[in-house]
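Peer 1: Give me a 3D structure for the following:
(one chain, ligands or ions: 1)
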Amino acid sequence: MLERESLGEFAEVARKLESGFASLPTFQSQLPGIERLAETLNATAERLQDNYPYFHPLYAGQMLKPPHPVARLAYALAMWINPNNHALDGGRATSAMEKEAVAEIAAMYGWKSFLGHLCGGGTMANLEALWVAGQLHPKKKILASEQAHYTHGRISGVLQLPFESVACDARGRMDMHALSKRVESRDVGTVVATLGTTATGSVDSLPDILALREKHEFRLHVDAAYGGYFVLAENLGEEAARAFAQIGEADSVVIDPHKHGLQPYGCGCVLFRDPDVGKLYKHDSPYTYFSSAELHLGEISLECSRPGAAAAALWATQRLLPLKKGGEFARGLERGRQAALALFQKVRADERFVPAFEPELDIVVFAPKAASVSEASALSRKVFETAARHNLHLAVAELPIHFWEANFGTMKRDRGTITCLRSVLMKPEHLDWVDHIWNLLSSAMDEVAGAGH
Ligand SMILES: Cc1ncc(COP(=O)(O)O)c(C=O)c1O
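Peer 2: Numbers count the residues shown, from 1 in each chain. Next comes the predicted model:
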């Protein structure tokens, strides 16, 4: 069940890597001995069994999927060198690979000249984007929607920039009326548009935000940590497609290869449209940059040491699966979205459930029907637990009830938020498993309803 076939290739490519260093004299490495190693690894494998099966299609809960085998192996291969992409001295090949891979990501948004690099993840990437924003608009406000990732409020605190949330509409997108009123007072430095919110995959209306920027001249940052690759998908709804088509007009963009880009954790990416922001990073370092006058990635990033292995993995993945519309990688994203639409339709057609709104990407949110929001919330938790006992792993989320306004009917609104079920169908395999997922969900619901009588 765990993909192990690709491991067969590993010894051969490790030999290939080693042959690049054949001119060195051999040396005795200080190893503990193969038996102790095996024993320790067995103990590690045993400990790792205590996990949800994130790699399996029946794991349809949080935003988690396994890295592509090529990413896993390229990462492991690079570990035999352990390059550090802080400076060319620490990671020559992998710094070049990072620059190439990041340029391919930027090209998805139509950017040829830009500044960008990999980093630890979406939080680090957004921290850098808002750090730059704060230097360009000191003391001015950062605005993001109520459904934007909580990291924006927290990062603004770290940077000591004032932060304010903007209300959301009934589909979890930034409310344009609220935003247009808010930007009229001239204290807003930056608006964060989320293209793919964490909880519901909602896509803020970028065309409308861009129109407001024309008038009010704020900086526009797009947080597409989760949604960014959907620019390649050709089965989005009209509004989402229009938003993704305009990402290139933002001032900065964050996208996480470790979410939809098939990478191991520790791989975020921040991009700036204007390469000139590089001067904000200027610093002196007497010890790291001595090998060449070429750009060291550490000169344009806040983090210092970073895994070159992450760049090797991303480079290899994009070589195997180029970031092209209609390509194999894009088809994988489209399959996840199709799976989400299929599950949404099943939930909508069933008397026992009540969905929020049609998914814009590959996340579905819904709740069991009940007499009141409190009862529906309690049922969500029970269905979540029962489904998990039958190997179907969903997630629960706490969301505002106005997302359900169109579908609640006579349900008593006795709470402002509802605990609902949430499913992220982000693996290409999910499409083949929708019926199975639905059958397990349906019998979990029956079991919970039966136990209640
Ligand atoms: C839209 C968005 N922004 C930022 C983040 C934070 O990213 P990370 O967990 O990689 O730090 C997430 C994580 O889910 C996200 O969905």
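
Peer 1: can stretch 193-209 be found next to the ligand?
Peer 2: Yes - Stretch 193-209 comes into contact with the ligand (Cβ under 6 Å from any ligand atom), by way of 194, 198. Where C-beta positions appear, they are placed from N, C-alpha and C, glycine not excepted.

Peer 1: what about that stretch, how long is it end to end?
Peer 2: One end of stretch 193-209 to the other measures 8 Å (Cα to Cα, to the nearest Å).

Peer 1: quick one: average confidence on that stretch?
Peer 2: Throughout stretch 193-209, pLDDT has a mean value of 98.

Peer 1: same deal with stretch 389-396?
Peer 2: The average of the pLDDT scores along stretch 389-396 is 98.

Peer 1: next one: stretch 273-281
Peer 2: Mean per-residue pLDDT for stretch 273-281: 93.

Peer 1: Could I get the buried residue list for that stretch?
Peer 2: Within stretch 273-281, the residues scored as buried using 16 or more other Cβ atoms under 10 Å are 273, 277, 281.

Peer 1: which one of those is nearest the ligand?
Peer 2: Compare each of the buried residues of stretch 273-281 with the ligand using Cβ to the nearest ligand atom and the shortest gap goes to residue 273, at 19.0 Å.

Peer 1: my read: that closest one touches residue 110, true?
Peer 2: No - using Cβ atoms under 8 Å, residue 273 makes no contact with residue 110, being 10.0 Å away.

Peer 1: Which neighbours do those two have in common?
Peer 2: residue 248 (Cβ atoms under 8 Å, 6 or more residues apart in numbering).

Peer 1: Name the residue of the protein that lies nearest to the ligand.
Peer 2: residue 122 (2.3 Å).

Peer 1: Please give me every residue in contact with that residue.
Peer 2: Neighbours of residue 122 in contact, by Cβ under 8 Å, 6+ apart: 149, 151, 223, 225, 226, 254, 256, 259, 268.

Peer 1: What's the local residue count around the second one?
Peer 2: By the measure other Cβ atoms under 10 Å, the count of residues near residue 151 is 22.

Peer 1: Repeat that for the fourth one.
Peer 2: Taking other Cβ under 10 Å as the neighbour definition, residue 225 ends up with a count of 29.

Peer 1: The third one now?
Peer 2: By other Cβ under 10 Å, the residues close to residue 223 number 32.

Peer 1: what does the one 3 residues further on give?
Peer 2: Residue crowding around residue 226 was assessed by other Cβ under 10 Å; the count is 26.

Peer 1: Contacts only, for the nearest residue to it once chain neighbours are set aside.
Peer 2: Distances taken as Cβ to Cβ, 6 or more residues apart in numbering place residue 196 nearest to residue 226, at 4.5 Å, with adjacent residues excluded. For residue 196, the contacting residues are 202, 203, 224, 225, 226, 227, 228, 230, 360, 361, by Cβ under 8 Å, 6+ apart.

Peer 1: Now, the residues you listed that are in strands?
Peer 2: Per DSSP state E, strands hold the following members of those: residue 224.

Peer 1: could the contacts of residue 196 go into JSON lines alongside distance to residue 352?
Peer 2: Listed next are the contacts of residue 196 as JSON lines, based on distance: Cβ to Cβ, whole Å:
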{"residue": "202", "distance to residue 352": "25"}
{"residue": "203", "distance to residue 352": "29"}
{"residue": "224", "distance to residue 352": "35"}
{"residue": "225", "distance to residue 352": "34"}
{"residue": "226", "distance to residue 352": "29"}
{"residue": "227", "distance to residue 352": "30"}
{"residue": "228", "distance to residue 352": "35"}
{"residue": "230", "distance to residue 352": "30"}
{"residue": "360", "distance to residue 352": "24"}
{"residue": "361", "distance to residue 352": "25"}
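
Peer 1: Out of the contacts of residue 196, which comes closest to residue 375?
Peer 2: If you rank those by distance to residue 375 using Cβ to Cβ, residue 202 comes first, at 26.0 Å.

Peer 1: Go ahead and confirm the closest one touches residue 193.
Peer 2: No - the criterion here is Cβ under 8 Å, and residue 202 misses it with residue 193 at 11.1 Å.

Peer 1: what's the residue positioned nearest the centre of the chain in contact with, if anything?
Peer 2: Central residue of the chain (Cα atoms, centre = their mean): residue 226, 3.0 Å from the mean position. The contact partners of residue 226, taken as Cβ under 8 Å, 6+ apart, are 63, 122, 196, 197, 198, 201, 256, 259, 260, 361.

Peer 1: give the contact list for the nearest residue to the second one once chain neighbours are set aside.
Peer 2: In space, and not counting its chain neighbours, residue 122 is closest to residue 225: 3.4 Å by Cβ to Cβ, 6+ apart. Contact analysis of residue 225 by Cβ under 8 Å, 6+ apart lists 121, 122, 125, 126, 149, 196, 254, 255, 256, 259, 268.
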